[in-house]
Structure formats: structure tokens, C-alpha cells
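Participant: here are the coordinates; sequence isn't available:
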């Protein structure tokens with residue numbers, strides 16, 4: 001959904017064409033994206049009535065360039081989906097585009113959603129630690145060492161992610 005959010009957010013500022021939007025995305029945010037996935041998302045937004053063609057520019061000896069704009073339905077959808085992204089995030093990377101589009105929402109409201117998400121993530125990982133202690137007892141010594149390595153990595157990653165989610169929370173509160 002974040003790719004669709006970027007397209008909607010970009011068109012909320014000004015009309016544009018798919019090629020220009022893809023270039024802006026790659027210049028603004030460090031992500032990898034296939035051309036097919038980008039154009040698929042663009043067409044899906046149009047089919048849902050969230051964006052629409054607003055102008056066709058004809059240039060001599062060049063293909064026509066269709067400019068698109070966001071619809072009112074698209075503006076409402078954009079705002080709601082940005083809020084939703086703060087409600088259901090598990091990895092900070094999944095919020096890059098929503099963070100980029102903060103100007104379209106109330107950051108204080110997003111902060112409330114993120115606070116709940118952080119609490120949920122902390123509880124989820126605390127539960128995993130308890131389950132891990134129990135399940136480890138049925139393994140042989142080599143499996144226990146392997147599982148120990150894997151779990152250390154997973155728990156470390158979760159702590160790192162929660163640390164950055166908390167930094168984002170402070171960022172939202174100061175935005």
C-alpha cells in the first residue's frame with residue numbers, strides 16, 4: 001500500500017504523469033521498485049476512482065503524456081491510509097512513505113496510534129521470550145544452540161525496531 005500512498009500524496013500536491021512520479025519516488029526515498037509494480041499500482045488507483053486523467057499533453061514526434069490528478073475520494077483515502085499505517089506497523093521501514101507524507105495528517109493523532117502499536121509490539125515480543133523458554137527445552141543440544149542464535153538475532157532486531165519506533169513517536173510529537 002505504501003507505493004499507492006506515495007502516488008496519491010504526490011498527486012495531492014500537483015498533477016503529474018506516471019514516469020515523473022516514479023522518478024520522484026526513487027529520488028526521495030531509498031527503496032527498490034520494479035516498473036511493473038509501479039504501473040500496476042497506478043492503474044489500480046485509477047480503477048478505484050482515487051486518481052483520474054486530467055490532461056493529455058501532445059508533443060510533436062513524441063508519445064502523448066497523460067497527466068493525472070487525485071480525486072476527492074482519493075484525498076480521503078490517502079489520509080485514512082496514512083493513519084492506518086501507524087496502527088498496524090511492525091517494521092519502521094514500512095512507514096517510510098507515511099512519514100514522508102506527514103503533511104497530510106495530524107501528527108499528534110498518528111502519534112496516538114503509534115503509541116498503541118509500540119505497546120503491542122513490546123507485549124508481543126515479551127510473549128515470544130516466554131514461549132521461547134518453554135519450547136527450547138524439547139530440543140537437543142545442537143538445535144538449542146541454533147535456536148539460541150536465531151532468537152538472539154530476532155530479539156535484537158525487534159529491540160532495534162522498537163527503539164526506532166519510539167524515536168519516530170518523539171518525532172511525531174515534535175512535528
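Facilitator: Sure thing, it's come through. Only a predicted model underlies this, so the values are computations on that prediction, with no experimental measurement involved.
Participant: what's the helix or strand of the chain with the lowest mean pLDDT in contact with?
Facilitator: Least confident helix or strand, the chain: helix 18-28 with a mean of 84, by mean pLDDT, DSSP states H and E. Applying C-beta atoms under 8 Å, 6 or more residues apart in numbering, the contact partners of helix 18-28 are 3, 6-7, 10-11, 16, 31, 33, 35, 38-39, 42, 65, 68, 100. Placement of C-beta: from N, CA and C, glycine included.
Participant: now do 6 Å
Facilitator: Helix 18-28 is touched from outside by 6, 7, 10, 38, 42, with contacts defined as C-beta atoms under 6 Å, 6 or more residues apart in numbering.
Participant: likewise for stretch 158-165?
Facilitator: Taking C-beta under 6 Å, 6+ apart as the rule, stretch 158-165 contacts 91, 92, 118, 121, 125.
Participant: so of those residues, which two are at opposite extremes in space?
Facilitator: Distances among the contacts of stretch 158-165 were taken as C-beta to C-beta; the most separated pair is 92 and 125, at 14.6 Å.
Participant: picking up where we left off before, which among the contacts of helix 18-28 gets closest to residue 175?
Facilitator: Among the contacts of helix 18-28, and counting by C-beta to C-beta, the member closest to residue 175 is residue 6, at 18.8 Å.
Participant: you'd agree that closest one is up against residue 99?
Facilitator: No. Using C-beta atoms under 6 Å, residue 6 makes no contact with residue 99, being 11.3 Å away.
Participant: between the two, which one's more packed in?
Facilitator: Higher neighbour count among residue 6 and residue 99: residue 6, with 25 against 18, using other C-beta atoms under 10 Å.
Participant: residues contacting that one?
Facilitator: Residue 6 makes contact with 25, 97, according to C-beta under 6 Å, 6+ apart.
Participant: end-to-end on stretch 52-62?
Facilitator: Start and end residues of stretch 52-62 are separated by 22 Å (C-alpha to C-alpha, to the nearest Å).
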